[in-house]
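Colleague: Sequence below, structure please.
(chains A and B)
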Amino acid sequence: MRIATWNVNSIRARAERIGAWLDRSDADVLAIQELKCKDSQFPHEIFDERGYEVAFHGLDQWNGVAIASRIGLDDVEIGFDEMPGFGKESAVEARAISAVAGGVRVYSLYVPNGREVDHPHYTYKLEWLEKLRAVAAARLAADGDERFVLTGDFNVAPLDEDVWDMEAFDGATHVSDRERAAFQALVDAGLTETSRPFTPGPGVYTFWDYQRLRFPKKEGMRIDFQLASPALSQTATAAMIDREERKGKGASDHAPVIVDYDV
DNA sequence: ATGACCGCGCTACGCGGA
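Modeller: Alright, predicted model coming up:
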């Protein structure tokens, strides 16, 4: 099965491109982040027309996550256990959804940005990742043979080579020690990132800022990943980052990250 | 060509993104 994850940066602004991408990608499952719409505005037709079932969760114009599948979509869960909220009333945001497709529980995750190191949003990001780790660890403890994968926009660049210039990121979020430790904790819990072995760096990215000609200058960041459980990760056979999708007018600032699993 | 982002919402400019 082919699983893709893609931060689309508005599903309504991108609907046509997403449909065209589904037509050529051969993806069985697509995890989507940054819908930027509430449930009542979700353009489910683009999935219905192509034979994909779709589950989505959007509360307002921010965040929003979805999973589309053409191989079944069962046991949909919104959020995850003890997922932290943010703001005055600690509101839980639309940053996580999961469902079982083809015997695999696929998570679509939009990790908080963090904004600035030590900003309240940064603390929120670290707590969010820690609670996510606890969920993954609990799943593995309950059933070490379970096939599941945490996919999405992690908003962390784990390695120095995952940004085009570390000097440009001095003191910035995404590369700080604590964010990298939070990502590494997911790996230490037993998960394996399945796209990198097939798409080695340096100079391989999943995001390019709209500003300052970052894409033509090949100045990007690798921040979108698939962290798979042992039973799933050992079946990974191929991966690609579809940077073609970043080209042209009306592209998202993120490219799809696609992994093939032999299940 | 020495410029140069995009999407959203009580359609105007501030917020959020990274």
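
Colleague: Which pLDDT does the model give the residue lying closest to residue A:262 once chain neighbours are set aside?
Modeller: Leaving aside its sequence neighbours, residue A:262 sits nearest to residue A:235 (Cβ to Cβ, 6 or more residues apart in numbering; 4.4 Å). Where C-beta positions appear, they are placed from N, C-alpha and C, glycine not excepted. Note for residue A:235: predicted pLDDT of 98.

Colleague: Give the full set of residues in contact with whichever residue of the stretch 101-250 of chain A sits closest to DNA strand B.
Modeller: The stretch 101-250 of chain A approaches DNA strand B most closely through residue A:210 (3.5 Å), counting by Cβ to the nearest atom of the strand. Counting by Cβ atoms under 8 Å, 6 or more residues apart in numbering, residue A:210 touches residue A:253.

Colleague: per-residue confidence at it?
Modeller: At residue A:210, pLDDT is 94.

Colleague: for residue A:9, same thing?
Modeller: Model confidence at residue A:9 (pLDDT) stands at 96.

Colleague: correct me, but it touches residue A:255?
Modeller: No - contact criterion Cβ atoms under 8 Å: residue A:9 and residue A:255 do not qualify, at 11.3 Å.

Colleague: Give me the more crowded residue out of those two.
Modeller: Per other Cβ atoms under 10 Å, whichever of residue A:9 and residue A:255 has more neighbours is residue A:255, with 24 against 18.

Colleague: ok, that one touching residue A:215?
Modeller: No - under the criterion of Cβ under 8 Å, residue A:255 makes no contact with residue A:215, lying 9.6 Å away.

Colleague: Overlap of the contact sets of the two?
Modeller: What both residue A:255 and residue A:215 touch, as defined by Cβ under 8 Å, 6+ apart, is the set residue A:246.

Colleague: The residue minimising distance to the centre of chain A is in what secondary structure piece?
Modeller: The centroid of chain A falls nearest to residue A:152 when counting by Cα atoms, centre = their mean (0.7 Å). Using DSSP states H and E, residue A:152 falls within strand A:148-153.
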